[in-house]
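K.L.:
Can you look at this prediction? I've put the sequence above it.
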Amino acid sequence: MKPRFAIFAAALAAVLFASANTAIAQERPCHSTDPVDTLKEMSEAIYACWMPPAGTAGMSLTLQFSLRRNGTLIGKPRATYSDLGTDPQLSRAFVASILKALDDALPLPFSDSMGGAIAGRMLAPRFTAALVGAS
């Protein structure tokens with residue numbers, strides 16, 4: 001893969017993850033065995049398994065991680081940004097809900113082409129709990 005394409009693919013993944021919200025989770029059920037063939041489907045598969053705890057509206061966390069071609073995690077996710085508020089108990093519950101979502105969603109059922117394209121690439125999804133009444 002050419003370096004420019006790799007940079008473009010990483011940037012596109014970041015944009016798709018950053019713009020995703022809780023509405024995406026409704027398009028694909030958690031644990032779906034349907035093959036994941038696009039970045040959009042990949043983000044849907046992860047967000048579908050995430051249920052932010054009550055009282056965490058507005059909290060946000062960005063994780064950085066990579067996946068293998070078989071849809072499993074490479075190493076441990078690393079937080080690169082957080083806005084977790086002031087309540088330590090709610091903050092821990094928020095982070096735990098995200099880690100549980102990753103655990104529930106993985107391994108992702110990548111198609112052969114998607115598995116080859118995504119393997120080893122850095123992903124940086126942002127998880128933000130929706131504000132009540134926000135659209």
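P.N.:
The structure has been received and is ready for your questions. Fair warning: this is a prediction, and the values are worked out from it, not measured in the lab. Numbering: from 1, shown residues only.

K.L.:
In its sheet, which strands sit next to the top strand by length along the chain, and in what direction?
P.N.:
Longest strand in the chain by number of residues (criterion: DSSP state E): strand 73-83. Listed by DSSP bridges, the sheet partners of strand 73-83 and their directions read strand 60-67 (antiparallel).

K.L.:
May I ask which helix or strand encompasses the residue nearest to residue 98 when sequence neighbours are not counted?
P.N.:
Nearest residue to residue 98, sequence neighbours excluded (CB to CB, 6 or more residues apart in numbering): residue 127, at 4.9 Å. Every residue, glycine included, has its C-beta placed from N, CA and C. Element membership for residue 127 (DSSP states H and E) is strand 126-128.

K.L.:
In terms of pLDDT, where does the residue nearest to residue 28 when sequence neighbours are not counted sit?
P.N.:
The spatially closest residue to residue 28, leaving aside those adjacent along the chain, is residue 44, at 4.1 Å (CB to CB, 6+ apart). Listed pLDDT for residue 44 reads 94.

K.L.:
and the next helix or strand after the longest strand of the chain, what does it pack onto?
P.N.:
Next in sequence after strand 73-83, counting helices and strands by DSSP H and E, comes helix 88-105. Packing contacts for helix 88-105, counted by 3 or more CB pairs under 8 Å, 6 or more residues apart in numbering; DSSP states H and E, involve helix 39-47, strand 60-67, strand 73-83.

K.L.:
if we can go back for a sec, and the longest strand of the chain with helix 88-105, angle?
P.N.:
150 degrees (axes from the mean of the first three to the mean of the last three CA atoms, to 10 degrees).

K.L.:
If you count neighbours, what's buried in strand 73-83?
P.N.:
Neighbour counts using 16 or more other CB atoms under 10 Å place 77, 82 of strand 73-83 among the buried residues.

K.L.:
what sits up against it?
P.N.:
58-68, 95, 99, 102, 106, 120, 124, 126 (CB atoms under 8 Å, 6 or more residues apart in numbering).
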